[in-house]
Every structure is written in C-alpha cells, then in structure tokens.
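Trainee: What follows is a predicted protein model with its sequence.
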Amino acid sequence: MAMVIATFLIILLVVFKHSAPVEPFDVRQHLSTVSRYGAVKDIADSTFVPSNVPDGCSPIHLNLVARHGTRSPTKKRMRELDKLATHLELLLRDAKEQNLSLKKVPAWLWGWQSPWKGKVTGGELTDVGEVELYHLAIRIRERFPDLFYEEYHPDIYTIKATQVPRASASAVAFGMGLFSGNGSLGPGHHRAFAVTSESRASDILLRFFDCCQNYKDFKKSQEPAVDELKEPIFDEITAALRKRYGLTFTRQDTSSLWFLCKQEASLLDITDQACGLFSPSEVALLEWTDDLEHFILKGYGKSLNYQMGVPLLKDVFESMEQAIKAKEENYAPRSYEKARLRFAHAETVVPFSCLLGLFLEQSGYHLLNISEFEQIQREEPLKYPPKPPQKRNWKGSTVAPFAGNNMLVLYSCPATSSSKYFVQILHNEHPIPMPGCNNSDLCPFEVFKERIVTPHMKHEYHAVCNAKLEKPEQKPTKSKFSQLFHWLFSPRNKDNTGFLKDDL
C-alpha cells in the first residue's frame with residue numbers, strides 16, 4: 001500500500017512540475033492589428049532560443065521599419081459607432097415594448113453613446129501612441145549605444161515617414177526619445193531633427209500599396225470573398241449573443257460591437273463593456289477573422305501583396321551594402337549613415353515581414369515536403385492560418401500591432417571565420433527566426449543576400465503594379481435555382497451589410 005501511495009505521489013509531482021500554469025485571458029492581447037504595443041510586444045515564441053552574437057562583433061548599421069503608434073478611430077469608424085448607438089437604443093426600446101425579459105441585458109447598454117460622439121476629426125496619433133514610440137527609441141538607443149553615441153546629423157540618422165500625420169507624428173515622438181538629452185531645447189534638452197516624406201502619390205518605399213494599381217484592383221475584387229469567409233463566424237456569434245442577452249442583434253451589430261471592443265480595450269483600457277459581451281472563445285474567433293483578412297489582403301494570401309514591397313527591401317539592403325563599404329574602406333567618422341529609421345503603416349510592415357519570410361506556419365507542404373518558405377520563393381499563395389482553437393504563428397497582434405516594428409541590425413564580426421558580416425532581425429524588439437537562414441535570427445550577410453533578398457529582386461515595382469495581370473479564377477457559377485435558394489435563405493439577405501475597412 002505504501003508503495004502505491006509513493007508511486008501516486010511521484011506521478012502527481014511529475015504532472016504538477018510539467019503542467020504549464022494557465023494564464024488569465026487578457027482580451028488586450030487578442031485585438032489583431034488594433035493591439036496596443038505594450039500589451040503584446042513581449043509575446044514571443046518561448047520555444048525559440050536566440051543566437052548569441054559572437055564575441056568581437058559590433059553593430060555598424062540599423063534599419064527600422066515601424067508602424068505608427070496607437071491612433072484614434074477614423075471618421076468613417078466613428079460614424080459606424082454612432083449608428084451602433086442608435087440601433088442599440090432601438091433594440092432596447094423594441095424589447096421593452098414587447099415586454100421581453102431584460103434581466104440579461106448589461107447595464108452599460110442603456111443610454112450608451114460612443115466615446116467619440118461629436119468628434120469631427122479622427123485617425124490621429126494618441127497620447128499613448130506618442131509614448132509608445134518615445135520609449136521604443138530610448139530602448140533602442142540603450143540597446144545599441146555604439147550606433148547612437150554620435151551627434152545628430154540627418155545623413156547619419158535618416159528618418160523617413162509617410163505623409164499621413166499619424167506616421168510623421170510617430171517619427172517625431174521617436175526622434176524626441178532617441179535624441180533626448182542631446183540638445184539645448186527646454187528642460188529635456190531636446191534637439192531639432194529632420195523627418196522627410198515622399199508625396200502619397202509617389203511613395204513606393206513606404207506607401208507602395210497606395211501607388212500599385214494591380215494591388216488596388218486585386219484588393220477590391222477579393223474583399224467580397226473575404227467577407228463571405230468571415231460571415232459564418234459572425235452569424236454563429238450573433239446567434240449566441242441573441243440567445244445570451246435576449247436582443248435581436250444583427251451581423252452588423254456584432255461587427256460593430258467587436259470594433260468597439262477593440263477600440264475600448266486598446267485606447268481606453270475598458271475591457272468589461274463591449275469586450276465583456278463575448279466569451280474568450282468568441283474573441284479568439286473574431287480575432288482570427290481579422291487575422292485571416294490581413295493574411296489574404298496584405299500577407300501571404302497572394303504574392304502581389306509583398307512583391308510590391310520590393311523597393312523597401314531593396315532600400316534596406318542597399319543601406320547595408322553602403323555600411324559595409326564604409327567599414328571596408330575606413331570612411332572618416334561622421335561621414336556615413338548609421339541608422340535608417342522609417343515610420344509607416346500596417347500595410348507596410350505586414351508585406352515587409354512577408355518578404356523576410358517571417359511568421360510561417362509549417363515546414364512541410366502536402367506530400368512534396370516543400371516548405372512554406374520555398375512556396376514564397378515560388379510565388380505560391382500559402383494556406384490560411386489555422387482556425388482556433390488550433391495555434392498559429394500568424395497573428396495580427398504580433399505581426400503588426402500599433403508601433404509594431406522590424407529591426408535589421410548589421411554586425412561587423414572580423415574575428416569569425418564563417419562571415420565578416422551578419423544580419424540579425426528583431427521583431428518588436430525580440431530576435432525572430434528566419435526560415436531563409438535555417439531558422440536562425442543571426443544570418444551571414446552572404447546567406448541573407450542569396451536566400452532572402454536576391455529571389456525577390458527579379459520583381460520591378462512598375463512591372464508588378466502596372467502591367468496587366470491575368471484575371472483571378474472565377475468561382476464556379478451556381479445554377480439559377482441554387483442562386484434563388486441562397487438569396488431566400490442566406491443570413492446575408494436578412495442582414496445585407498459588409499465589413500468596413502480601414503487604412504491602418
């Protein structure tokens with residue numbers, strides 16, 4: 001008997017030791033690209049072991065591609081919330097007139113108005129967004145003191161932003177943090193610095209998606225199909241909300257309430273109102289619909305999505321080559337660039353991450369054992385990210401949250417025998433594996449060039465974006481009877497609303 005008890009205790013101890021503690025669900029980490037940087041920046045793959053930078057290596061150049069910080073909802077989205085307030089009032093009044101039980105209705109719904117009601121401008125960088133970029137800059141300066149000790153000059157520290165105010169304001173907040181204490185302006189000893197922008201009509205480095213006609217045509221043609229993929233999830237959750245709260249919510253209500261949840265949680269730190277309407281599993285599904293949309297329309301869903309970002313990749317790579325040349329030819333101090341810092345949008349960061357081959361789901365493909373990285377090289381669309389409860393690497397909250405960023409650090413390593421120069425990629429400040437470099441975060445410069453950069457260089461922007469493309473394959477045509485049946489009984493006929501899109 002004693003032996004049985006001892007064995008049982010040992011088993012119990014082993015199970016307890018190896019069982020991972022269940023972390024409480026934090027909705028702020030599940031808001032796709034509306035996630036605030038501070039809530040998600042330290043969520044990284046715990047199984048990945050970063051490389052140790054070899055002794056004797058020193059950083060000689062840094063490229064940064066960052067999204068703007070947390071921003072207010074756009075005017076279009078604020079109007080959507082005003083419409084939601086009107087419709088919620090109508091739902092509650094109808095339920096009251098019909099003597100329906102209102103015990104399950106959350107108290108906050110009564111008399112609710114949008115927090116942005118009456119606001120006539122939108123989309124601007126918030127105070128939280130300013131702080132995100134300011135402190136990001138300070139952390140980068142502290143992490144790479146060898147790069148940021150020199151006195152500021154625009155040719156040494158190049159700062160670029162798109163013409164969209166939230167991006168340029170993010171660049172300013174970042175610059176204030178990066179150069180704080182190094183000037184003579186005010187008690188913070190700030191200094192002036194230059195932020196340059198291209199016209200929105202011709203910015204193929206940071207707003208390539210705006211100048212690419214083929215991409216705009218593709219996106220417009222695919223948006224209805226994306227909405228159709230999302231509809232079953234929204235219909236399922238709408239039915240659950242109706243049952244749970246006794247109100248006749250529509251699919252559009254669910255969509256608007258999910259948008260409100262994201263705005264409240266990210267901008268206002270309110271998680272017990274709109275977000276509280278949904279269960280954690282429903283939040284996970286709603287998050288997946290957002291991630292799926294970004295995957296199809298901005299990511300690995302079509303090679304055009306990232307091919308149009310090749311000018312940015314080329315600019316990043318050429319800055320590295322220039323830094324190597326300056327090192328090899330012993331340029332005089334303060335005569336060459338040490339950092340190129342860019343501030344743009346999710347539509348910039350997502351395709352750029354795809355060009356680097358980040359956030360892939362698997363190593364094999366069907367029976368051919370072709371990796372997803374090889375599929376990218378073949379310009380094949382990848383399979384959709386797995387649906388919850390399955391785990392996935394492709395999450396908007398990680399790929400491109402507010403202030404999300406990719407840093408490419410170039411190291412000079414004269415003491416190593418394999419390569420004199422290495423490239424390290426940090427995503428949201430954490431080392432991340434590169435499938436093109438045997439899943440290491442530290443890649444010999446020659447390998448980075450050969451496996452990650454060069455395969456994309458065959459694409460010329462204007463050929464990719466302005467040449468006539470083959471029309472996408474059309475879906476099989478339904479019979480007249482099936483079309484009529486679908487029209488009569490589809491939930492879409494009862495709730496004929498689309499999902500609003502935003503420039504992120």
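Mentor: That came in fine, so what should we check first? Source: prediction; values computed, not measured. Numbers count the residues shown, from 1 in each chain.

Trainee: the helices in the stretch 101-250 of the chain, which residues?
Mentor: 127-143, 165-178, 208-211, 213-245 (DSSP state H, counting those that start in this stretch).

Trainee: Please enumerate the strands of this protein.
Mentor: With DSSP state E applied, the chain shows strands at 58-67, 157-161, 339-344, 405-412, 421-427, 430-431, 442-444, listed in chain order.

Trainee: Next one: the residue most central in space within the chain relative to Gln322, how far apart?
Mentor: Taking Cα atoms, centre = their mean, the centroid of the chain lies closest to Ala400, which sits 1.6 Å from it. As for Ala400, its distance to Gln322 is 28 Å (criterion: Cβ to Cβ, to the nearest Å). C-beta: built from backbone N, CA, C; applies to glycine.

Trainee: Flag the shaky bits of this protein, pLDDT-wise.
Mentor: Residues of the chain that meet the criterion pLDDT under 70 lie in 1-23, 363-369, 469-503.

Trainee: so who does the residue nearest to the centre of the chain touch?
Mentor: Ala400 is in contact with 33, 67, 294, 346, 349-350, 353, 504, counting by Cβ atoms under 8 Å, 6 or more residues apart in numbering.

Trainee: so can I have JSON lines of the strands of the chain showing mean neighbour count and distance to Glu132?
Mentor: As requested, the strands of the chain are arranged in JSON lines below (neighbours: other Cβ atoms under 10 Å; distance: least, Cβ to Cβ, whole Å):
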{"stretch": "strand 58-67", "mean neighbour count": "23", "distance to Glu132": "10"}
{"stretch": "strand 157-161", "mean neighbour count": "22", "distance to Glu132": "15"}
{"stretch": "strand 339-344", "mean neighbour count": "25", "distance to Glu132": "12"}
{"stretch": "strand 405-412", "mean neighbour count": "23", "distance to Glu132": "10"}
{"stretch": "strand 421-427", "mean neighbour count": "24", "distance to Glu132": "16"}
{"stretch": "strand 430-431", "mean neighbour count": "19", "distance to Glu132": "16"}
{"stretch": "strand 442-444", "mean neighbour count": "22", "distance to Glu132": "27"}
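
Trainee: closest one to Lys41 among these?
Mentor: In this view, the strands of the chain are compared for proximity to Lys41 by Cβ to Cβ, and strand 430-431 is the closest at 8.0 Å.

Trainee: Tell me which other helices or strands the closest one touches.
Mentor: Using 3 or more Cβ pairs under 8 Å, 6 or more residues apart in numbering; DSSP states H and E as the contact criterion, no secondary-structure element is in contact with strand 430-431.

Trainee: Contacts for stretch 283-297, please.
Mentor: With contact meaning Cβ under 8 Å, 6+ apart, stretch 283-297 is reached by 25, 27, 30-33, 219, 222-223, 226, 229-230, 233-234, 236-237, 258, 261, 275, 278, 301-302, 305, 346, 350, 384-385, 387-389, 392, 394-397, 399-400, 499.

Trainee: from memory Cys57 sits against Phe422, does it?
Mentor: Yes - counting by Cβ atoms under 8 Å, a contact exists between Cys57 and Phe422, whose distance comes to 6.8 Å.

Trainee: which neighbours do the two share?
Mentor: With the criterion set as Cβ under 8 Å, 6+ apart, the overlap between the contacts of Cys57 and Phe422 is 411, 413, 416.

Trainee: any idea how far Phe48 lies from Glu97?
Mentor: Distance, Phe48 to Glu97, by Cβ to Cβ: 58 Å.

Trainee: Counting neighbours, go ahead and name the busier of these two.
Mentor: Between Phe48 and Glu97, counted using other Cβ atoms under 10 Å, the more crowded position is Phe48 (13 against 8).

Trainee: From what I see, that one and Pro433 are in contact.
Mentor: Yes - between Phe48 and Pro433 there is a contact at 5.7 Å, judged by Cβ under 8 Å.

Trainee: Give me the common contacts of these two.
Mentor: Common neighbours of Phe48 and Pro433, using Cβ under 8 Å, 6+ apart, are Asp441.

Trainee: which residues of the stretch 401-504 of the chain fall in helices?
Mentor: Assigned helices in the stretch 401-504 of the chain, in chain order: 445-447, 461-466, 480-489, 491-494 (criterion: DSSP H, counting those that start in this stretch).

Trainee: wait, I meant the stretch 251-400 of the chain
Mentor: Using DSSP H, counting those that start in this stretch, the helices of the stretch 251-400 of the chain run over 251-263, 280-298, 304-307, 310-328, 346-355, 372-377, 396-399.

Trainee: will you turn these into JSON lines that also has distance to Asp82 and mean neighbour count?
Mentor: JSON lines is the format used below for those (distance: least, Cβ to Cβ, whole Å; neighbours: other Cβ atoms under 10 Å):
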{"stretch": "helix 251-263", "distance to Asp82": "10", "mean neighbour count": "23"}
{"stretch": "helix 280-298", "distance to Asp82": "22", "mean neighbour count": "22"}
{"stretch": "helix 304-307", "distance to Asp82": "33", "mean neighbour count": "24"}
{"stretch": "helix 310-328", "distance to Asp82": "37", "mean neighbour count": "18"}
{"stretch": "helix 346-355", "distance to Asp82": "25", "mean neighbour count": "26"}
{"stretch": "helix 372-377", "distance to Asp82": "42", "mean neighbour count": "19"}
{"stretch": "helix 396-399", "distance to Asp82": "26", "mean neighbour count": "27"}
